[in-house]
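> Whatever this is, show me its structure:
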Amino acid sequence: MARFKNFLKTSVLGGTSVIMPAVIFFFIFRWLFRWITDLIQPLTDIVTRKMPFPELAADLIVIALILSTCFIIGVIVRTKAGQFLHTSLENRILQIAPGYPMIKSIVGQFLGRQEQPFSKVALVQAFENDTLMTAFITERHADGSFSVFVPTGPNPTTGFIFHLQPQYVHPVKVSVEEAFRTVIGCGAGSSKLILKYAEGKQQ
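Alright, predicted model coming up:
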């Protein structure tokens with residue numbers, strides 16, 4: 001009896017582990033598709049009024065048109081004239097709009113065009129001498145400079161912000177979690193940071 005119960009339990013759990021991810025993915029996809037179609041509904045209505053398409057086909061046409069428009073704008077912006085127009089529009093109008101810089105930063109991070117805050121660890125020369133500090137890169141700027149956060153141990157939620165030229169910022173291949181542990185340990189366990197820094201200088 002115990003064997004049968006164990007077999008039943010493992011079989012049910014095994015089946016659930018196979019089915020549940022697919023079910024969850026389906027519901028998330030359905031929710032996302034409905035959310036998108038609600039957003040584009042005004043455009044879908046225009047298409048269905050102009051052409052005898054079912055609503056689903058009209059939704060797909062509108063999505064394809066939006067993606068095509070984004071592609072065309074992307075191609076234009078890659079040209080010198082397009083860059084000039086985009087920069088002029090952004091500097092003169094969009095940057096003044098409340099919340100635009102924040103939205104631009106969020107979208108850039110979401111699309112992978114900007115570094116995620118605290119996604120990279122670095123050793124920095126904050127005072128432009130041989131002293132090295134453990135830091136987290138929070139942003140890289142258009143001129144190549146960096147903004148970094150240098151936490152204070154043992155509480156990594158407090159610290160200092162420095163804006164440094166690239167020659168004073170040395171990214172190291174250490175995970176954020178490992179670096180945080182060294183901060184909490186007031187420097188204990190930093191040997192890997194130093195090792196990776198030395199390896200980077202040799203390359």
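> in this protein, which helix or strand is least confident?
Ranked by mean pLDDT, DSSP states H and E, the weakest helix or strand in the chain is helix 100-110, scoring a mean of 65.
> Now the element after that one, going C-ward?
Remark: after helix 100-110, the chain's next helix or strand is strand 120-124, criterion DSSP states H and E.
> what does the domain assignment say about the chain?
Structural domains assigned to the chain are 79-110, 120-202, following automatic domain parsing.
> what distance separates the last one from the centre of its chain?
So the one you mean is domain 120-202. 20 Å (C-alpha atoms, centre = their mean, to the nearest Å).
> Provide the count of other residues in contact range of residue 134.
23 (other C-beta atoms under 10 Å). Placement of C-beta: from N, CA and C, glycine included.
> right, and the helix or strand after the helix or strand containing it?
Using DSSP H and E, residue 134 sits in strand 133-140. Next helix or strand after strand 133-140 toward the C-terminus (DSSP H and E): strand 146-151.
> helices and strands around that next one, which ones?
If contacts are counted by 3 or more C-beta pairs under 8 Å, 6 or more residues apart in numbering; DSSP states H and E, strand 146-151 sits against strand 120-124, strand 133-140, strand 159-164.
> Which residues does that strand contact?
Residues from elsewhere that reach strand 146-151 (C-beta atoms under 8 Å, 6 or more residues apart in numbering): 118, 122, 124, 126, 133-141, 157-166, 169, 180, 183.
> So for residue 179, what's the pLDDT?
With respect to pLDDT, residue 179 has a value of 91.
> does it really touch residue 137, like I thought?
No. Using C-beta atoms under 8 Å as the test, residue 179 is too far from residue 137 to be in contact (11.0 Å).
> got the domains of the chain as a markdown table, with distance to residue 28 columns?
Output for the domains of the chain, formatted as a markdown table (distance: least, C-beta to C-beta, whole Å):
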| stretch | distance to residue 28 |
| --- | --- |
| domain 79-110 | 17 |
| domain 120-202 | 27 |
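> for these, which one ends up most surrounded?
For those, average neighbour numbers computed from mean count of other C-beta atoms under 10 Å are highest in domain 120-202, which has a mean of 15.
> Verify the stated contact: residue 59 with residue 38.
No. Counting by C-beta under 8 Å, residue 59 does not reach residue 38; the two are 10.2 Å apart.
> Between those two, point out the one with more neighbours.
residue 59 (20 against 9).
> The closest residue to residue 148 other than its chain neighbours bridge partners, please.
In space, and not counting its chain neighbours, residue 148 is closest to residue 135: 4.1 Å by C-beta to C-beta, 6 or more residues apart in numbering. Applying DSSP bridges to residue 135 yields these beta-bridge partners: residue 122.
> Contacts only, for residue 135.
121, 122, 123, 124, 126, 148, 149, 150, 151, 162, 169.
> try 7 Å this time
122, 124, 148, 149, 150 (C-beta atoms under 7 Å, 6 or more residues apart in numbering).
> Could you check the pLDDT of the second one?
Per-residue pLDDT puts residue 124 at 96.
> Now do the same for the residue nearest to it when sequence neighbours are not counted: its pLDDT.
Nearest residue to residue 124, sequence neighbours excluded (C-beta to C-beta, 6+ apart): residue 135, at 4.5 Å. On pLDDT, residue 135 comes in at 95.
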